[in-house]
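S.K.: Following is a predicted model, sequence given first.
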Amino acid sequence: MRVYPTFFKLAFSWMDAEKAHKIGFQAIRAVHRTGAGRLLSRVTAPHSSLRTEALGLTFPSPFGLAAGFDKEGHGIEALSELGFGHVEVGTITGQAQPGNEKPRLFRLIEDRAVINRMGFNNDGAAAVAPRLKSARAALQRVHSDVRPVIGVNIGKTKVVELNDAVEDYLISARSLAPAADYLVVNVSSPNTPGLRLLQNVETLRPLLRAVGDAADEAAGRHVPLLVKIAPDLSNEDIDDVARLALDLKLDGIIATNTTIARDGLVTEASKVESLGAGGLSGAPLKQRSLEVLRRLKDAVGDQLVLIAVGGVESAQDVQDRLDAGATLVQGYTAFLYEGPFWASRINKGLVKLARSNVRQG
């Protein structure tokens, strides 16, 4: 019997979603600070059979935490102790910014979904960079063999005009790349005005080329570079992005970000409408994200690493995405509903599925 769903209902379901997230995240970090996280990790650590080679790195598990949970690099070590094979920090911008006005995070509990219009609230690249460096060094000390991987997701500062977007991304790339295992260019959040226009391939090409060059120069090594795309792109646009990624020799694509669609929700339409604009994540995104993944796989084959995210709740969801061509899989929204042992359960489930397939084979 799992206790957390009952705990969530009693302790968090009635509370403002952003406040609940803050309390939960603080609790996870507190467990780490007391040293209990190190003991916990003996139980939650992924089985060695789950190790995955991607982006020139070894991941302890193919399953990781998507950007959005730890926006500023405060809890990388603590989250790693829960069993995530990688933690993607961000989205981080060139300048510090408060994000959009509150309330800006809403749960659709019946749909196991979330709507957010956070607006890239973060301390800015210069403040986050030392945290990444410290976390990376700490993970290297603790994990003498294979350590959890740190990804860094960067986006555009809201007050920066689209015409100046490239230089704004470069501020983040130069600051953050030295401590990043991989870097993600986020052009697909619906919560920064005009940002999704950067997904146009003519605009995207110079942006990705400049960020890649700046990151490698700042780090003194090749920093794997990926782009994160929206599920709302047309199939033709997805094909265009895939061709561009191949042409620029990117390392990978993350599919997908949140959606602006509101189709097929169980929650009453009037309630959903009352919550206003924002990106929808969680279970309703499952099918479209899988469709985008399969289309990308058809387009790029084995030439790029594909990271699947969107509607991932169970070990079977992760396995379905691996079977569809993903090398790595991320989750976030279900973490809010499933609790701190979610990643560990998924890792154990993946091992069971693998063993079951061997027996059946």
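M.R.: Looks like it came in fine. Residues are numbered from 1 along each chain as shown.
S.K.: give me the low-pLDDT residue ranges for this structure?
M.R.: 1-2, 4-5, 7-8, 10-11, 14, 188-201, 361 (pLDDT under 70).
S.K.: where exactly do the strands run in the stretch 151-300 of the chain?
M.R.: 182-186, 225-229, 252-255, 279-282 (DSSP state E, counting those that start in this stretch).
S.K.: The second one: which residues count as buried?
M.R.: Spelled out, that is strand 225-229. By neighbour count on 16 or more other CB atoms under 10 Å, the buried set for strand 225-229 is Leu225, Leu226, Val227, Lys228, Ile229. (Glycine included, C-beta is placed from N, CA and C.)
S.K.: what do you get for stretch 19-33?
M.R.: Ala20, His21, Gly24, Phe25, Ile28, Arg29, Val31, His32.
S.K.: could you measure the fourth one against Leu40, distance?
M.R.: Spelled out, it's Phe25. Phe25 is 16 Å from Leu40, where distance means CB to CB, to the nearest Å.
S.K.: what do you get for the second one?
M.R.: Between His21 and Leu40 the distance, using CB to CB, works out to 20 Å.
S.K.: likewise Glu291?
M.R.: On the measure of CB to CB, Glu291 and Leu40 end up 37 Å apart.
S.K.: for Ile254, same thing?
M.R.: 28 Å.
S.K.: Next, the contact list for the closest residue to Ile171 other than its chain neighbours, please.
M.R.: Nearest non-adjacent residue to Ile171, counting by CB to CB, 6 or more residues apart in numbering: Gly94, 3.5 Å away. Taking CB atoms under 8 Å, 6 or more residues apart in numbering, we find Gly94 in contact with Gly124, Ala125, Lys156, Thr157, Val160, Asp168, Tyr169, Leu170, Ile171, Ser172.
S.K.: can you give me the helices in the stretch 101-250 of the chain?
M.R.: Counting by DSSP state H, counting those that start in this stretch, the stretch 101-250 of the chain has helices at residues 125-142, 165-176, 201-219, 235-247.
S.K.: on that earlier part again, out of Glu291 and Leu40, which sits in the more crowded spot?
M.R.: Leu40 (19 against 16; other CB atoms under 10 Å).
S.K.: pretty sure the more buried one contacts Glu81?
M.R.: Yes - using CB atoms under 8 Å, Leu40 is in contact with Glu81, at 5.7 Å.
S.K.: burial of the closest residue in space to Asp263 that isn't next to it in sequence, as a residue count?
M.R.: Leaving aside its chain neighbours, Asp263 sits nearest to Pro284 (7.6 Å; criterion: CB to CB, 6+ apart). Here the number of neighbours of Pro284 (other CB under 10 Å) works out to 23.
S.K.: same thing with Leu183?
M.R.: If we define neighbours as other CB under 10 Å, then Leu183 has 26 of them.
S.K.: Surely it touches Ala173?
M.R.: Yes - counting by CB under 8 Å, Ala173 is a contact partner of Leu183 at 6.6 Å.
S.K.: Roughly how far does the nearest residue to Pro148 once chain neighbours are set aside sit from Gly35?
M.R.: Once flanking residues are discounted, Pro148 sits nearest to Ser80: 3.9 Å by CB to CB, 6+ apart. Going from Ser80 to Gly35 by CB to CB gives 15 Å.
S.K.: Between the two, which is the more surrounded one?
M.R.: Neighbours were counted for Ser80 and for Gly35 using other CB under 10 Å; Ser80 has more, 30 against 9.
S.K.: wait, what's in contact with the more buried one?
M.R.: Ser41, Val87, Leu139, Arg147, Pro148.
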